[in-house]
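only geometry, no sequence info:
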């Protein structure tokens, strides 16, 4: 018995309900949904001769979207380890204002994946990570490394789309 194909509008109805014109995350979510549907289709169909390369490229694109949208397991694990035990405390100043006190703050853990910073100048105007490490500003360098990781994932995602998109259907 042949499986009935559902109308693709049903797959997108939850995304379409959250349309915000001012947010790029909506556009990326639509793209990710479409790539996921294409990955599922190419995994089972025999429409192209290089299906395994097409599904590999689509899977890489899906992982890269998770990285530059900060939805990947590596980033979430690091974020949980870095900020799970912090308590925010405030101290009242003489002028009636408050300032945040971070006396018991533990140092940030290192990012659990390697990010090549040798070519950071391609993604930043100068070399802020190397400068921060030279100035012994470790926490700032960790946040910059996360930003560099996102920029590299976004760049690679667009390169795969640029060079491979039209070849996926040949």
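Thanks, I have the structure now. Remember, predicted model here, so these are calculated numbers, not experimental data.

hmm, residue 61 and residue 153 touching each other?
No: using CB atoms under 8 Å, residue 153 makes no contact with residue 61, being 10.2 Å away. Quick note: C-beta positions are derived from backbone N, CA and C, even for glycine.

so for these two, which sits in the more crowded spot?
residue 61 (23 against 19; other CB atoms under 10 Å).

roughly how far does that one sit from residue 167?
Residue 61 is 13 Å from residue 167, where distance means CB to CB, to the nearest Å.

in which helix or strand would I find residue 90?
Assigned by DSSP states H and E, residue 90 belongs to strand 89-92.

quick one: the strands in the protein?
89-92, 98-101 (DSSP state E).

other SSEs contacting the longest helix anywhere in the chain?
As assigned by DSSP state H, the longest helix anywhere in the chain is helix 138-164. When contacts are defined as 3 or more CB pairs under 8 Å, 6 or more residues apart in numbering; DSSP states H and E, helix 138-164 packs onto helix 51-68, helix 128-134.

export these to CSV and tack on distance to residue 161 and mean pLDDT?
What follows is the helices and strands packed on helix 138-164, written out as CSV (distance: least, CB to CB, whole Å; pLDDT from 0 to 100):
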stretch, distance to residue 161, mean pLDDT
helix 51-68, 7, 92
helix 128-134, 27, 87
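
will you turn those into CSV that also has distance to residue 159?
Output for the helices and strands packed on helix 138-164, formatted as CSV (distance: least, CB to CB, whole Å):
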stretch, distance to residue 159
helix 51-68, 10
helix 128-134, 22
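
and those: which comes nearest residue 26?
With CB to CB, the closest approach to residue 26 among the helices and strands packed on helix 138-164 belongs to helix 51-68: 13.1 Å.

contact partners for residue 66?
The neighbourhood of residue 66, defined by CB atoms under 8 Å, 6 or more residues apart in numbering, consists of residue 72.
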